[in-house]
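> prediction below, plus the sequence it came from.
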Number of protein chains: 2
Amino acid sequence: MITVDMRDRKPIYEQLIDNIRTLAVQGILQPDEHLPSVRQLAAELAINPNTIQKAYQELERQHVIYSLPGRGNFISGDIRGITEQEQRRVGELLRTQLQAAKKAGLTREALITLIDDVYHHAQNVEKEE
Amino acid sequence: MITVDMRDRKPIYEQLIDNIRTLAVQGILQPDEHLPSVRQLAAELAINPNTIQKAYQELERQHVIYSLPGRGNFISGDIRGITEQEQRRVGELLRTQLQAAKKAGLTREALITLIDDVYHHAQNVEKEE
DNA sequence: TATCTGTACTATTTGTGTTAGTACAGTTGA
DNA sequence: TCAACTGTACTAACACAAATAGTACAGATA
């Protein structure tokens, strides 16, 4: 479910943040669902517990999850706000990428073809972002 | 013309690479045009000559520029291949970004609106990519 | 009470980007 | 010819962020 790619240039804790936020927005992780403990997830992914905690800490700051000391970390009960926030975030990243595409000489039609390709083919993808 | 943003997380040498490649693809830098010398550009941008050289070295490896030892660095005479290569590169980045947008719940129509926004408004942009 | 849980903290390591400095050979123009 | 450019190569040092290692303590739970 939750994965990291050591070859990716993006820091592990950021991968975790985006990964879990996406799973929450998609509803794959349900509100109030219990997340793996810091130590357990660290063991599963073979990375340091401090790195997990750093990700959880940031996710709590973003209100994607909440923590009950001694109990664990849980997905936020209010996902609507998170979803809107995520859509704005992805939209901004997409805008700069589209401007680069325009500079590279890609036509509006080529981009729409690309969109249709992504939206029609219901293929699973490894990476997001 | 050639600029860098110290606040950007992207390494300076990568900014230079993308910056110059874009200028070449756009035709703002013409084929066989003389680029600033390593030391001169370093002085202009107030960064280390080694950083400039690193960027030039990679640009030569990508055949975006060529170097004549003792004379200087010049934009490649063959820009068509570079342009196609750049379009593939930007297209792939865009694809992963679109997949993230889909995961976030953005509709196909919302994305087309975003494209139209980018392609209609002929506004200059600071960042690319 | 043993064993989970989150949390906090310091120290260390690692990798990458950047700077600093030097050196040498090819090119150019006065 | 020679001074002043040019690219290129190299080592050393520095800066910073990410990640690891280890310890500690309080709350929750069965």
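Happy to help now that I have it. Predicted, not measured: the structure shown is a model, and the values here were computed from it.
> which parts of chain A sit against chain B?
With the criterion set to C-beta under 8 Å from any C-beta of the partner chain, chain A comes near chain B through A:22, A:25-26, A:83, A:86-87, A:90-91, A:93-106, A:108, A:110-112, A:114-119, A:125, A:127-129. For glycine as for every other residue, the C-beta is placed from the backbone atoms N, C-alpha and C.
> give me that answer again for 6 Å
For chain A, the residues in contact with chain B (C-beta under 6 Å from any C-beta of the partner chain) are A:22, A:25, A:86-87, A:90, A:94, A:96-101, A:103-104, A:106, A:108, A:111, A:115, A:118-119, A:125, A:127-129.
> which of the residues you listed count as buried?
A:22, A:25, A:86-87, A:90, A:94, A:96-101, A:103-104, A:106, A:108, A:111, A:115, A:118, A:128-129 (16 or more other C-beta atoms under 10 Å in any protein chain shown).
> tell me the mean pLDDT over whatever helix or strand A:Gln99 lives in?
For A:Gln99, the element it lies in under DSSP states H and E is helix A:80-103. Mean per-residue pLDDT for helix A:80-103: 97.
> and that helix, how far out from the chain's middle?
Chain-centre distance of helix A:80-103: 13 Å, with C-alpha atoms, centre = their mean, to the nearest Å.
> now the element after it, going C-ward?
Following helix A:80-103 in sequence order, the next helix or strand is helix A:108-120 (DSSP H and E).
> residues contacting that next one, please?
Residues outside helix A:108-120 that contact it (C-beta atoms under 6 Å, 6 or more residues apart in numbering or on different chains): B:Leu98, B:Gln99, B:Arg108, B:Leu111, B:Ile115, B:Tyr119.
> per-residue pLDDT, the residue nearest to A:Met1 when sequence neighbours are not counted?
Spatial nearest neighbour of A:Met1, excluding adjacent residues (C-beta to C-beta, 6 or more residues apart in numbering or on different chains): A:Leu23 at 7.0 Å. The model reports A:Leu23 with a pLDDT of 98.
> any idea of the angle the helix or strand hosting A:Leu23 forms with helix B:80-103?
In this structure, A:Leu23 sits in helix A:12-26 according to DSSP H and E. Helix A:12-26 runs at 50 degrees relative to helix B:80-103, counting by axes from the mean of the first three to the mean of the last three C-alpha atoms, to 10 degrees.
> what pLDDT, on average, does the helix or strand following helix A:12-26 get?
Once helix A:12-26 ends, the next helix or strand along the chain (criterion: DSSP H and E) is helix A:38-45. Helix A:38-45 shows an average pLDDT of 98 in the prediction.
> near DNA strand C, anything from helix A:38-45?
Yes: counting by C-beta under 7 Å from any atom of the strand, contacts between helix A:38-45 and DNA strand C involve A:Val38, A:Arg39, A:Gln40.
> list the contacts for the residue nearest to A:Ile82 when sequence neighbours are not counted?
Distances taken as C-beta to C-beta, 6+ apart put A:Val64 closest to A:Ile82, at 5.5 Å, once the chain neighbours are dropped. Neighbour list for A:Val64: A:Arg21, A:Ala24, A:Ser76, A:Ile82 [criterion: C-beta under 6 Å, 6+ apart].
> which of those residues count as buried?
For the contacts of A:Val64, a burial check counting by 16+ other C-beta under 10 Å picks out A:Arg21, A:Ala24, A:Ser76, A:Ile82.
> from DNA strand C, how far out is A:Ile47?
Distance, A:Ile47 to DNA strand C, using C-beta to the nearest atom of the strand, to the nearest Å: 13 Å.
> tell me the SS of that residue?
coil (DSSP: H, G, I helix; E, B strand; the rest coil).
> please name the nearest non-neighbouring residue to it.
Distances taken as C-beta to C-beta, 6+ apart put A:Ile12 closest to A:Ile47, at 6.0 Å, once the chain neighbours are dropped.
> from A:Thr22, how far off is the one you found?
Separation of A:Ile12 from A:Thr22 (C-beta to C-beta, to the nearest Å): 16 Å.
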